[in-house]
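S.K.: please work out how this folds:
(5 chains, ligands or ions: 4)
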Amino acid sequence: MNRLLPRALMAPAVATLFLWMIVPLLMTLYFSAVRYNLMQPGDKTFIGLENFHYFVTDPDFGASVVNTLLLLGSVIAITVVLGVALALLVNEPFPGRGIVRVLLISPFFVMPTANALLWKHMMMNPVYGVLAQVALFFGLQPVDWLTEHPLLSIILMVAWQWLPFACLIFITSLQSLDRDQMEAAGMDGANALQKFWYLTLPHLARPIAVVVMIEMIFLMSVFAEIFTTTGGGPGNESTNVAFLIFKQALMNFDVGVASAGALFAVLLANIAAVFLIRLIGKNLD
Amino acid sequence: ATELVIATVNNGHMIEMQKLTPQFEKAYPDIKLKWVTLEEGMLRSRVTTDIATKGGQFDVMTIGMYETPIWAKKGWLKELTPTAGYDVDDLLPAMRNGLSVDGKLYAAPFYGESSMLMYRKDLTDKAGVTFPERPTWEQVRDAAAKIHNPPNVYGICLRGKPGWGDNMAFLSTMANSFGAQWFDMSWKPQLETKPWKDAVTFYVDLLKKYGPPGSSANSFNEILALYNEGKCGMWVDATIAASFITDPKQSKVADKVAFAQGPYAVTEKGANWLWAWALAIPAGTKNADAAQKFIAWATSKDYINLVAKEKGWAAVPTGTRKSTYANPEFMKAAVFAAAEKKAIDSANPNDSTLPKSPYVGVQFAAIPEFQAIGIAVGQQMSAAVAGKTSVDQALKTSQAAADREMRKGGYYK
Amino acid sequence: MSFLQLKGVEKYFGELRAIKGVNLSIEKGEFIVFVGPSGCGKSTLLRMIAGLTEIDAGSLQLDGRDITKLPSSKRDLAMVFQSYALYPHMSVFDNMSFALRLANVDKAVIQEKVTRAAQILNLTNYLQRTPKELSGGQRQRVAIGRAIVRAPKVFLFDEPLSNLDAALRGQTRVEIAQLHRELGATTIYVTHDQVEAMTLADRVVVLRDGQIEQVGSPLELYDRPANQFVAQFIGTPQMNVLPASQLPQLAGTPQLPVPAGGFVGLRPEDVQLQPAGQGQLQGTVALVEALGAETLIHVALGAGTANGAKLIARQSARTTLHPGSAVGLSIDPMAAHVFDDQGRLARPAQGGAALASAAV
Amino acid sequence: MSFLQLKGVEKYFGELRAIKGVNLSIEKGEFIVFVGPSGCGKSTLLRMIAGLTEIDAGSLQLDGRDITKLPSSKRDLAMVFQSYALYPHMSVFDNMSFALRLANVDKAVIQEKVTRAAQILNLTNYLQRTPKELSGGQRQRVAIGRAIVRAPKVFLFDEPLSNLDAALRGQTRVEIAQLHRELGATTIYVTHDQVEAMTLADRVVVLRDGQIEQVGSPLELYDRPANQFVAQFIGTPQMNVLPASQLPQLAGTPQLPVPAGGFVGLRPEDVQLQPAGQGQLQGTVALVEALGAETLIHVALGAGTANGAKLIARQSARTTLHPGSAVGLSIDPMAAHVFDDQGRLARPAQGGAALASAAV
Amino acid sequence: MKNLTLLLRTVAAWGVTLVLVFPLIWLVLTAFKTEQQAIAIPPQLFFEPTLHSFAEVNERSDYLHFAINSVITSVVSTVLGLAIAAPAAYSMAFFRTRRTRDILMWMLSTKMMPAVGALVPVYVMAQTAGLLDSLLALIVVFTLSNLPIMVWMLYSGFKDIPGDILEAARMDGAGIWGEFKHVIRPLAMGSLASTGLLCLVMSWNEAFWSLNLSSSKAGTLATLIASYSSPEGLFWAKLSAASLMAIAPIVVVGWFSQKQLVQGLTFGAVK
Ligand SMILES: Nc1ncnc2c1ncn2[C@@H]1O[C@H](COP(=O)(O)OP(=O)(O)OP(=O)(O)O)[C@@H](O)[C@H]1O
Ligand SMILES: Nc1ncnc2c1ncn2[C@@H]1O[C@H](COP(=O)(O)OP(=O)(O)OP(=O)(O)O)[C@@H](O)[C@H]1O
Ligand SMILES: [Mg+2]
Ligand SMILES: [Mg+2]
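M.R.: Numbers count the residues shown, from 1 in each chain, chains lettered A, B, ... in the order given. Ligands and ions are numbered 1, 2, ... in the order given. Below you'll find the predicted structure:
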């Protein structure tokens, strides 16, 4: 019974997840090897690796990989850096801290589509948008965000959404920072900055690993924001792998190529994950 | 009662139709309507996924002139069999043809459109510009230069948002009038030919000099908002826009608009497009009878009268029936009516390019591969407008992309 | 003037006056131990010296310089926390060298100092481990090592051994004593452990309720406690203290004059067991604790004394007594401490087992 | 047959043979204490009895029934964990009544049992608090209370007092002794504290490296340790054990015959200080620890003995000696333990301070 | 000095916070404007609020219908997810083996395939099962896609429970279920709650699957927004109203459970 019980408890989760993974994966594998366009189904002829060939030779492919990594890297960097800063800021008491915390985490609860629409139409619109109005107020030329800095705009939107999450986790973690250690460092002659660098930051290593891991999982497949705002453009400047697959699947309706792309994305994600686990893995369990 | 699930786009006329649900349900008490209203791109992907996988989630679908013939040929759509009272022959021939395959009607036009030039009479007058019935692009550019006065008003607003139904719809017609075509008779893409280069160069210049900021992200709805705010001096787009910009409830410039036919450069052929949002029944539905009834209702003369009664004649869906244009009340209320009818009548999907082309469609080519090509090219054009790439480079990349797709589609080796 | 001087130091936590005007002079090189019941303010006082807790009133001088307002990072003190407060992500070496690195000390010098400290503390083989790979005692030594590499003006220890098990505690205690002898640094040490206080201290400071009750060498406190509180706080098992009225046989005799309402205090080793019937007091054995080298006998006093009075006797020899055995107790009146009705010492013990002239 | 019987019990952790065949019989009502160095397997053995750790070989019988494979929830034992392991989300009452509630005992009965246990443990006023609102000592008592309400067949304690401070520890120790007298329940108690082991145990089991070294009453172990290990493990300060070769003046005399390569063991209380020049041994004082009631004198043996040999002497009287003073030591050879070259006891002490006939 | 620091901190914290939530504040303000006010230049901070946009949104699509679907799918998938994840996490935390870490990493890796890539397979599966446009399909998909994170979070939370408390319960006669019910569940309430909350938020906000697997019956609030995601003339106020209606419930839930969330999101960081 000692051996069986743990497995029995694990079974539902493992089994369902396995099915959830394996069935689509197998079908995806199959689709990726046949010609399958939703606009003309029926003739699913086997074409070997042609779909993969088409996917990786897509003119947007290189850019999309770069953009994916840029998006991933920048958002993670922004949320971690600002998240730590914010968490430190609100970790000590000040008037209204409770309200500030509540407000601070609000963007996390906004659904991605609403987030994108909000930014696209009400913040970044070059004519009516708040940012344009602010620029005009200061006598500046309004910036056409989505056209001139499409990827940056996407990064801003996504970071805006994920910052609260990172912040929340860091706040949690800071609460368990040992006060004695801080005092000991004080007695050792450390100033505030040194305390942060030598104590707080190492203490945050684990939550940072958690944030990086979770954000990576979610950011790999960001496309709603892109679809709603820039549509991957102009050109391919804000196309990432997920959006490229989306385009193949739901705009070109080429399921074969999209499946090849999805497999590629799985590969990419796993490479990133392996790399990441090497880097921060021991912080994760 | 039967529940009909209707997928539709979030355009003004459709939303109006949705609001009239009670009227329909009163007339057909055993049918209940369920609406799925989506943005155009999402609608297209939802509907395509569903019909292609035989998902059967929808009983009535809103589709366009592009999908109708393709899907009908595959047998994915049920033929429409309206009763005599429906008066099929009242449908505008251009529309009926575009939605029929082998003489059988597979989708009923809910509203139809062509494209035309909509300009601000007050501004052109002030600038001393007058347009002939169908102006040339040169004339349009000169006028734009005179009117341009940012940030109060921009010379001209044109579509720039990438998408085969967005910027490419407009740009294709513009290219047609410069003498261009998508494919030659051996299905080779023609994007690096001179007419395309001329057209795109002209387009990009025009928008860069006299367009509003953010043009590369603008499509119909975005520009409509700008236009209604009085930010656009001119606009070449779907005729259906006319009913909105002349509606004082929405538009600040309702009384200052005038219309001309779509501008041309080399030829008038294909200088304005033809499109219809139409209602069709997927083959897999179990509620075909009810769906037939609903479509007959929604695209009937009575429906148009109903909208007229509720919202006034200026707000009725246009571009579908001869009888609408024969109605004096409508002609009086809709200042754009004549121009619109003329535009629709002048469009011919089967002969829209100066050189002979193997495909059907004015602003598209009705082949499955066209979507992917249109999207890829649209993306390049949008990038060119945004100044992210040169026109030559954009066309070169476009040509390569199109070539890739056509090869993949097996049109040639 | 002395090396470290506290003058009228006070601390308020809101309403609570946690430290109520403490005056204390500490000489250079002294080993001072703070003892007192839980909550009496030992840690608070130590933290005020360290600069971790603000001083609300009074002044603090170190080496002739007023440091009342100086931040702790500038005071040049080293503290060993009860919780060790090691930096969990740093190796032992890094933990120990942290302060020096912050002070930009030369690498070679750091290396040398840490190596020496590690040698003294027997940590040489663990320098590359992180704290969680160490046993409690080793961690403790790292915490001490972190303090000694700096050669600070004053060492502060807050119950440094309380987390250790008994064996390790004894061992580390000896190490600390040795260290102090070697380094000769001024040290203030908070503990609630009797043995630590007695063996380590040059002077013990007994605190109670934010105030100093008595300051003196360990044996001074043991032999001449200023009051009943100190008397009972120092020594295990604690001193037997009984109201004089419960000991009519003893109290009030010429050798043992007790003020009205006063108390008599007897160290367990000054209570001698006799066969029943002999000695000044009679009682029954309640509990016998044989510890090997010594035996503790709990005796409930019998008739002639008030109900329930208990005395503990301690003797080196084994006993054959059992709970229930009747027994007599003989007490040298000169070995008794006398306290007045306020608990103040009225007369210290004049002799007794402990003070008996030593064999040598 | 005895109440609780361990027969050839073994435990492997992977490669590590943590318990190497333990045989032990425990009688009903006995108070057994396990002692031994850290890592010797005390906890493991206790946990095997509790059913928390599987038994890999051997058998375990309780009250005539084989319970080797029985899950712990069915064994009817109660355990007091070193960490208390109180349920942090339950009140004291709920903590104590948890087992009874699981067993569907009648409400009124639960109420009564808990009330009584709370009375015994002085917890009546805290029944509605949660553990984190209690002091360490109170938590400890709750943990004990949780065990006693159940009136289990056997009580298991795993170092229950190690988290307490010295004062509380002494107090709780007395309470446990009293409880055991009152309830008379069979008890197995793990500790590394000398005093606890000596005062509480009926029999002490000394473990080392997964094996039993010796079983016996506390004084048996103190007086007749089976080997050098037990001798040094029992008693603080520990027994002085020196190779016979370092004590030529003593070892090998007729009163103290020592086998070749053997050792001589001397309890500190059996080492008498003499003025320099007198006694069998000469040395210099290295350290004096005055504990009040007693004094420990560390003496480094001088010329005539091998380098660095040290002896600790313990005496009740104060001393005027200082580190560095020359001193003589006299030793009653009969008080010495003799061990052979394997460390096994060759001859126990025949007399000495501790065994001197008691005054009474 | 102290006061100055406090002042600076207060000003900085409030400043940053207001900037960060400004878009949301703006969204709320816009929702109560008329369309004309919404795009007025310069932007209006003070105006007479109107509920017109809300009425319009509600007239066009039955808000309550979508909201109820959202509530059902997110709550049920959360509960279901907890029910599946908790035993697995329990097993991983208390019966740790060498495989545990690998299994956890594998679970997390299943989340890395972009949803679009699996659309057609999942669509076909749902259709085969006859589950298109059903709440059940959404619930299953939400549950499964949240499962890895839930297992991870709960695992971390469970690991923080000292093992000896469980042993104490065992000694007290608790079986495996008793242990879970009386000890683990109450002790892990914090992490169960925060895991549940996070899951609730993720399910509520899920847009891709709800959009693609539902049509009329099972649509959630995320699909409601989809019909406002391209402009229709003047639509800023309507868009704001619709967005506000879609996000308000979950944001409010988030606000009220902020404390819970902060305490539970430890991912095992409390040592
Ligand atoms: N930060 C604080 N806020 C409020 N009261 C405090 C604070 N620190 C200590 N106290 C109170 O001040 C008094 C002295 O506390 P202190 O920690 O100095 O006691 P202690 O002698 O070290 O006790 P222990 O032996 O238990 O460590 C106690 O009553 C305590 O409750
Ligand atoms: N779960 C385990 N897995 C592997 N080894 C273990 C485990 N538990 C104990 N051990 C090993 O078994 C030996 C005995 O451990 P045990 O905990 O019984 O010692 P102990 O006598 O209780 O020590 P302490 O006094 O430090 O508590 C040790 O070497 C220990 O490292
Ligand atoms: Mg303290
Ligand atoms: Mg142990």
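S.K.: do you know how far the closest residue to ligand 1 within the stretch 51-200 of chain C is from C:S38?
M.R.: Here the stretch 51-200 of chain C gets closest to ligand 1 at one residue, C:H192, 5.7 Å apart by CB to the nearest ligand atom. In this view, the C-beta of every residue, glycine as well, is placed from N, C-alpha and C. According to CB to CB, to the nearest Å, C:H192 and C:S38 sit 7 Å apart.
S.K.: next: B:C232.
M.R.: In this structure, B:C232 and C:S38 are 81 Å apart, going by CB to CB.
S.K.: residues near the residue nearest to C:L4 when sequence neighbours are not counted, how many?
M.R.: Excluding its sequence neighbours, the residue lying closest to C:L4 (CB to CB, 6 or more residues apart in numbering or on different chains) is C:I26, at 4.2 Å. Using other CB atoms under 10 Å in any protein chain shown, C:I26 is surrounded by 23 other residues.
S.K.: so B:C232 and C:S38 - more neighbours on which side?
M.R.: Legend: neighbour count by other CB under 10 Å for B:C232 and C:S38, higher for B:C232 (28 against 12).
S.K.: let me know the helix or strand that C:L100 is in.
M.R.: helix C:92-102 (DSSP states H and E).
S.K.: on that earlier part again, so the residue nearest to C:L4 touches C:I32, yeah?
M.R.: Yes - here C:I26 reaches C:I32: they are 5.5 Å apart, a contact under CB atoms under 8 Å.
S.K.: overlap in contacts of those two?
M.R.: C:I188 (CB atoms under 8 Å, 6 or more residues apart in numbering or on different chains).
S.K.: now the strands for the stretch 251-360 of chain C?
M.R.: Assigned by DSSP state E, counting those that start in this stretch, the strands in the stretch 251-360 of chain C fall at C:263-266, C:271-274, C:281-290, C:295-301, C:310-315, C:326-331, C:337-339, C:345-347.
S.K.: wait, which of those is closest to A:L9?
M.R.: Minimum separation from A:L9 across those (CB to CB) falls at strand C:281-290, 50.2 Å.
S.K.: helices or strands up against that closest one?
M.R.: Applying 3 or more CB pairs under 8 Å, 6 or more residues apart in numbering or on different chains; DSSP states H and E, one finds that strand C:281-290 contacts strand C:295-301, strand C:310-315, strand C:326-331, helix D:194-200.
S.K.: and these: which comes nearest chain E?
M.R.: Closest approach to chain E among the helices and strands packed on strand C:281-290 (CB to the nearest CB): helix D:194-200, 20.5 Å.
S.K.: that closest one close to chain C?
M.R.: Yes - residues of helix D:194-200 contacting chain C under CB under 8 Å from any CB of the partner chain: D:194-195, D:198-199.
S.K.: those residues: which two are farthest apart?
M.R.: Applying CB to CB across the residues of helix D:194-200 next to chain C, the maximum distance is between D:Q194 and D:T199, 9.3 Å.
S.K.: how about the contacts made by the closest residue to A:N191 other than its chain neighbours?
M.R.: Distance criterion CB to CB, 6+ apart; nearest residue to A:N191, sequence neighbours excluded, is C:S73 at 6.8 Å. Neighbouring residues of C:S73 by CB under 8 Å, 6+ apart: A:186-191, C:51.
S.K.: what is in contact with D:Q194 and D:T199 at once?
M.R.: Listed as contacting both D:Q194 and D:T199 by CB under 8 Å, 6+ apart are C:L291.
S.K.: how near is A:M111 to E:F208?
M.R.: 11 Å.
S.K.: try C:D193
M.R.: Distance, C:D193 to E:F208, using CB to CB: 65 Å.
S.K.: chain B: which of the helices and strands packed on strand C:281-290 is closest?
M.R.: The closest of the helices and strands packed on strand C:281-290 to chain B is helix D:194-200. By CB to the nearest CB, the value is 74.9 Å.
S.K.: verify the contact between A:V127 and B:P151 for me.
M.R.: Yes - using CB under 8 Å, A:V127 is in contact with B:P151, at 7.4 Å.
S.K.: of these two, who's got more company?
M.R.: Neighbours per residue, other CB under 10 Å: of A:V127 and B:P151, the larger number sits with A:V127, 21 against 15.
S.K.: make sure that one is indeed in a strand.
M.R.: No - per DSSP: H, G, I helix; E, B strand; the rest coil, A:V127 lies outside any strand segment and is coil.
S.K.: what's near enough to touch it?
M.R.: Applying CB under 8 Å, 6+ apart, the residues near A:V127 are A:142, B:151, B:212-214, B:226, B:231.
S.K.: pull out the buried members of these.
M.R.: Neighbour-count burial (16 or more other CB atoms under 10 Å in any protein chain shown) is assigned, among these, to A:142, B:212-214, B:226, B:231.
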